[in-house]
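Novice: Sequence and predicted structure, then a few things I'm wondering about:
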Amino acid sequence: MARSTDAAGANGRSRMLRWLGYPHVRALLALVLVFCLGLYFNADGAFFRWATHRDMLRHSSVYGILACGMTLVIITAGIDLSVGSVLGFIAVAFSILSIHHGWSPWLAIPACLAIGALLGAVSGALIAAFGIQPFIATLAMMVFARGLAKFVSHGMKVSNYVQTPEGYVALDMPAIHGLIDQRILNGNLAVVTLIFLACLLISHVVLARLRWGRYLYAIGGNEEAARLSGVPVARMKLLAYGLAGFFSAVAGICQAAQEYQGDPEAGATYELKAIAIVVIGGTSLMGGRGGILLTLIGTLTIGYMEKILSINAAGEASRLMLTGAIIVAAVLLQRIRRR
Amino acid sequence: MQGIGKSFGGVRALHDVHLELLPGEVHILAGENGAGKSTLIKILAGVHRDYDGRIELDGRPVRFASPQDAAARGIAVIHQELSLIPSMSVADNIFLGRETVWTGALPWVMRRRQRRRAQQILDQLGLNVDAESTVERLPISLQQMIEIAKALAAEVRILVMDEPTSALTEPEVERLFALIAELKRRGVAIVYISHKMEEIHRIADRLTVLRDGRFVGTAPAAELPPPRLVQWMVGREIGEQFPRHTPHPGPVLLRVEELTLDDPHGLPLPVVDRVGFELRAGEIVGLGGLQGSGASDLLWGLFGARGRPRAGRIELHGRPYTPRSPGHAIRRGLALLTNDRKTTGLVLGMSITHNITLASLPRLSPGGWLRERRERAAAARLRERFDIRAADLDLEVQSLSGGNQQKVALAKWLEAGPRVLLLDEPTRGVDVGAKQEIYRLMDAWSAEGYAILLITSEMPELLALSDRILVLHRGRVTACFQRGEATQERVLRAAMGGTGEDAA
């Protein structure tokens, strides 16, 4: 009798351990824990209102979009430190093109996306063709793109107020900014959140449905074995960093639209947040493991955590300290598998 | 060690195993991959702490709290993967973790004294190495000797060596064996793990055999000749050791003329120098040679893994072929099985299925879209054909035993649909049973019209499987033997630079 309950207990434990073996389960566990915190510290019911969740999603979207590209790069065992700066440059470039030059969004958006992808591809080329370490190559791009942003904006925010000899003049704000910044479905969903979902979908298709994705995992798992199996390693790295640049450009356009201006300082330290999201999701910095679903969970985990702290009126200082603690906790949780 | 048992999450890895070590003996631990050898060693070295049974050292029961604890009591393990720190000096490596310090409170390393002591140990071992030199500049074989020196500095009493010769050339092996003799004289008990029969019977005093985690027996070497040892290991009689049908050579598939390849590290001498040969369908041509002969470089060069060759003409299926990239070579019907599945052969963290299909994705995923069902079907078919023993094809390759990993690597290349197989050490680190299967597969492929270029450092394998043998020495062909003409001595002589002719 006692024996059989013992066996059932051991069985139950091993089943739980097996479940914990799945990265998605571990990532979800962290998210659920954070969510439960929200249920408890609900700030007089603020957590139970949809508007809170909507704003969390809206606020997290730009980071999430960056994290999509970061996931692709990290799966190849690389890293992209330039995403925040590329975001800043594109925010400026998009504002100049659409506000100052009055380009139609049909022209300005594709142009900005192409520039972003190009900047990413330059990092990728430095890494693939010259064998520069991803950390160094993208660090250089991070500094360069920030400089570029300040160069084209003369170090000032690009808005619809421009200085002319007659003083400040207000230009017309193009409709595209408002369009991206608005909420739809009776104000229940932000457009940027939809854009984030689209980015998730694109990167999921690349990673899980296309041959390219398999190649990215293979490169991250064992680059030399991948090369000797006929994987076009250099082209795939160009693709990964190019897509990271592309997503940075998407995030840059969203940021500019939300702020109704292009701030050359926009996106500073966002790359760290994107990395944190990817890591909290459980994608391995060693490469070869992970996925975009994990990044979605990571985005929500960080997003909820910050939202819960802010609705409970926690100051920025405690918010930052807690974020650091949560990253450590999440990474420790990832280790259960190896026990 | 008595009645040792160990399970991993409900799976029993070891069951009532005994191991008795005497001072000054070489004790071979034999068994197929997955028999439980490494688990046993890990228990001995204090890596696993939760096991059944007991360990006695000098007649007193012990239970090691950690690898450090085991090391402190004189137990050292030299793994296949060396544990030296490449960027540090030999002396620093030898004393790593046990630095000679001034006082305990202020760990000031007495480098000069340490260096003198290290040099002393190196000299005693007859190693011509400066204790100050950086480890990464030394050849692998010397690095291995330094591992042994490190163990000696720690006053080792039990030294475990896990396949120490797998990366060594013939003369280096000799040096290692001389060193082992010296250790025996000093009364060190040596546990030696190897899959190479010749080696086992040269140095063994006693053998302990494990099979499927169970203890089969311990016996003096004299009582366990190779056929009986194999029988103990696999639990059944092994048939003909090298199955090989009479070959029916078909048309020439690969013709190489005056091929010259540059040194990949940029040294001025070419690694392959004006090499020429023909390879026919249905033929197995063996490449003999010692380390540095250029045989592996030849295969890499043909496969396009080193870019374009410096000079030479190659014809593949009667059409001119210039190596460009591995992808290009695969499209032209070449396949390269490298000699190290862990670093260059497999993506260990990927599933069995995805490894098998990795080189065939252009065909299996038309339009760039993955077709999971097609991949599964291909993997299932190859599992059948290669008898890959895995519970689930979605498991990561690293969870498989060495022999099964090697079969996955071979399966990957067969799925890519090649005509010419370049096989570099296809049976390295593979147990007896899996070796047999790989021999059988190679024989079957040649009967089906594949052409095989084979490198193996195991001489009996080379002699038995090859229809012709080309011997390389420093990138040049020094001899070419037909089947039957080659003997161990003649191949070795040519490999060392002779002509392969018997001295008159």
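Specialist: Structure received. Note that the structure is a prediction, hence the values are computed from the model and not measured. Residues are numbered from 1 along each chain as shown, chains lettered A, B, ... in the order given.
Novice: Sticking with the spatially closest residue to B:H317 that is not a sequence neighbour, tell me its helix or strand.
Specialist: Spatial nearest neighbour of B:H317, excluding adjacent residues (C-beta to C-beta, 6 or more residues apart in numbering or on different chains): B:L253 at 6.1 Å. To be clear about C-beta, it is placed using only N, CA and C from the backbone, and glycine gets the same treatment. Using DSSP states H and E, B:L253 falls within strand B:252-261.
Novice: Which residues does the very next helix or strand once past that strand contact?
Specialist: Note on strand B:252-261: by DSSP H and E, the next helix or strand toward the C-terminus is strand B:272-280. Residues outside strand B:272-280 that contact it (C-beta atoms under 8 Å, 6 or more residues apart in numbering or on different chains) are B:249-261, B:285, B:294, B:297-298, B:301, B:309, B:311-312, B:420, B:451, B:453, B:470, B:472, B:474-477, B:480.
Novice: Check stretch B:62-76 too.
Specialist: B:44-47, B:49, B:54-57, B:97, B:150-151, B:154-160.
Novice: List the buried residues for the helix or strand hosting B:A181?
Specialist: Per DSSP H and E, B:A181 falls inside helix B:170-185. For helix B:170-185, a neighbour-count test (16 or more other C-beta atoms under 10 Å in any protein chain shown) marks B:E172, B:V173, B:R175, B:L176, B:F177, B:L179, B:I180, B:L183, B:K184 as buried.
Novice: swap in stretch B:117-124?
Specialist: Per 16+ other C-beta under 10 Å, stretch B:117-124 contains these buried residues: B:R117, B:A118, B:Q119, B:I121, B:L122.
Novice: average pLDDT across stretch B:21-30?
Specialist: Mean pLDDT, stretch B:21-30: 88.
Novice: Can you name the residues that contact the closest residue to chain B within the stretch 51-200 of chain A?
Specialist: The stretch 51-200 of chain A approaches chain B most closely through A:A77 (10.8 Å), counting by C-beta to the nearest C-beta. Contacts for A:A77 were tallied using C-beta under 8 Å, 6+ apart; they are A:I219, A:G220, A:E223, A:L285, A:M286, A:G287, A:G288.
Novice: Go back to the residues you listed and keep what's next to chain B.
Specialist: A:G288 (C-beta under 8 Å from any C-beta of the partner chain).
Novice: touching chain A at all, stretch B:36-50?
Specialist: No: applying C-beta under 8 Å from any C-beta, one finds stretch B:36-50 separated from chain A by no less than 12.6 Å.
Novice: Show me how far the helix or strand B:A479 falls within is from its chain's centre.
Specialist: Using DSSP H and E, B:A479 falls within strand B:476-482. With C-alpha atoms, centre = their mean, to the nearest Å as the basis, strand B:476-482 stands 25 Å off its chain's centre.
Novice: For that strand, list every residue counted as buried.
Specialist: B:R476, B:V477, B:T478, B:A479, B:F481.
Novice: helices or strands up against it?
Specialist: Counting contacts by 3 or more C-beta pairs under 8 Å, 6 or more residues apart in numbering or on different chains; DSSP states H and E, strand B:476-482 is packed against strand B:272-280, strand B:468-473, helix B:488-495.
Novice: swap the cut-off to 10 Å and go again
Specialist: Strand B:476-482 sits against strand B:272-280, strand B:284-288, strand B:468-473, helix B:488-495, with contacts defined as 3 or more C-beta pairs under 10 Å, 6 or more residues apart in numbering or on different chains; DSSP states H and E.
Novice: Alright, that wraps it up for me.
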